[in-house]
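A.B. asks: whatever this is, show me its structure:
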Amino acid sequence: MANRAHLYAVDLIPSIGVPNANLNAVGLSEYNSDVPVAYKFLVSKQIQICDSAIWRQKDLALIGDYKEGTALLLALLKAYGDALPSADAAFDEAYHETESFLLDIKNSRKYILLEAGEIFELDDDKDLQANNKKLFKELAGLKDQGDSRFINGTLRSILDVKKQGQWNAEDFGITSWSNVLYYDLTKDNIS
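C.D. replies: Numbering: from 1, shown residues only. Below you'll find the predicted structure:
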């Protein structure tokens with residue numbers, strides 16, 4: 001089984017005592033072996049640590065504001081597209097698919113939920129909660145930079161790599177939007 005980061009939209013903050021069926025969850029995306037930039041931007045606004053709806057463990061997921069995170073991601077993607085020296089049809093298509101998917105009312109909820117427990121399992125120390133807290137600190141620090149400073153810093157890093165021909169829409173994590181994920185949070189027993 002591949003280790004994946006899982007992204008959901010939910011109306012309630014997951015808690016071990018709250019049945020998953022109450023979350024009004026909808027799957028958004030999965031990404032193999034890492035937490036991509038798109039997921040980080042999406043969950044970064046009003047971010048907080050919460051319990052995992054997948055693992056049913058305390059402090060093993062992150063949650064942020066859906067609308068604010070979506071606006072931030074779309075601003076980054078637009079700025080990236082504008083900064084490209086020439087047109088990139090594949091990126092443009094992925095941008096429009098991302099925009100359409102995230103702004104679709106059936107996918108919109110109050111929160112974005114990032115479940116990265118499987119990614120944390122790849123770490124040698126296997127301290128899942130400590131890895132989640134480390135990711136939280138990384139993303140919580142973004143708000144201190146301000147959106148435009150964060151976008152510009154991220155763009156510089158991405159464009160430096162792009163010059164080497166190694167960056168594309170898949171690297172952002174914006175090519176695999178789907179409501180059907182491995183873990184279905186609409187059910188209480190997801191094992």
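A.B. asks: list the buried residues for stretch 112-121?
C.D. replies: 112, 113, 114, 115, 116, 117, 118, 119, 120 (16 or more other CB atoms under 10 Å). Where C-beta positions appear, they are placed from N, C-alpha and C, glycine not excepted.
A.B. asks: center of this protein, which residue is that?
C.D. replies: residue 39 (1.8 Å; CA atoms, centre = their mean).
A.B. asks: that one against residue 47, yeah?
C.D. replies: No: the criterion here is CB atoms under 8 Å, and residue 39 misses it with residue 47 at 11.7 Å.
A.B. asks: joint contacts of these two?
C.D. replies: Counting by CB atoms under 8 Å, 6 or more residues apart in numbering, residue 39 and residue 47 have no common neighbour.
A.B. asks: which single one of the buried residues of stretch 112-121 is nearest to residue 173?
C.D. replies: residue 114 (11.1 Å; CB to CB).
A.B. asks: helices along this protein, start to end?
C.D. replies: Counting by DSSP state H, the chain has these helices, from start to end: 37-43, 66-83, 89-103, 117-120, 128-140, 142-145, 147-162, 169-172.
A.B. asks: which helices and strands does the first one pack with?
C.D. replies: Meaning helix 37-43. For helix 37-43, the contact count by 3 or more CB pairs under 8 Å, 6 or more residues apart in numbering; DSSP states H and E identifies strand 4-10, strand 26-32, strand 61-65, helix 66-83, strand 111-115, helix 128-140, helix 169-172 as packing neighbours.
A.B. asks: give me that answer again for 7 Å
C.D. replies: Packing contacts for helix 37-43, counted by 3 or more CB pairs under 7 Å, 6 or more residues apart in numbering; DSSP states H and E, involve strand 4-10, strand 61-65, helix 66-83, strand 111-115.
A.B. asks: kindly export the third one (C-alpha atoms) in PDB.
C.D. replies: What follows is helix 66-83, C-alpha atoms only, in PDB (Å, rounded to 0.1, in the frame of the first residue of the first chain):
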ATOM      1  CA  TYR A  66     -11.800  26.100   3.500                       C
ATOM      2  CA  LYS A  67     -12.600  29.400   1.800                       C
ATOM      3  CA  GLU A  68      -9.500  31.200   3.000                       C
ATOM      4  CA  GLY A  69      -7.200  28.300   2.100                       C
ATOM      5  CA  THR A  70      -8.800  27.900  -1.300                       C
ATOM      6  CA  ALA A  71      -8.300  31.600  -2.000                       C
ATOM      7  CA  LEU A  72      -4.700  31.400  -1.000                       C
ATOM      8  CA  LEU A  73      -4.000  28.400  -3.200                       C
ATOM      9  CA  LEU A  74      -5.700  29.900  -6.200                       C
ATOM     10  CA  ALA A  75      -3.700  33.100  -5.700                       C
ATOM     11  CA  LEU A  76      -0.400  31.100  -5.700                       C
ATOM     12  CA  LEU A  77      -1.300  29.200  -8.800                       C
ATOM     13  CA  LYS A  78      -2.300  32.300 -10.700                       C
ATOM     14  CA  ALA A  79       0.900  34.100  -9.700                       C
ATOM     15  CA  TYR A  80       2.900  31.000 -10.700                       C
ATOM     16  CA  GLY A  81       1.100  30.800 -14.100                       C
ATOM     17  CA  ASP A  82       1.700  34.600 -14.600                       C
ATOM     18  CA  ALA A  83       5.400  34.200 -13.800                       C
END
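A.B. asks: no further questions, thank you.
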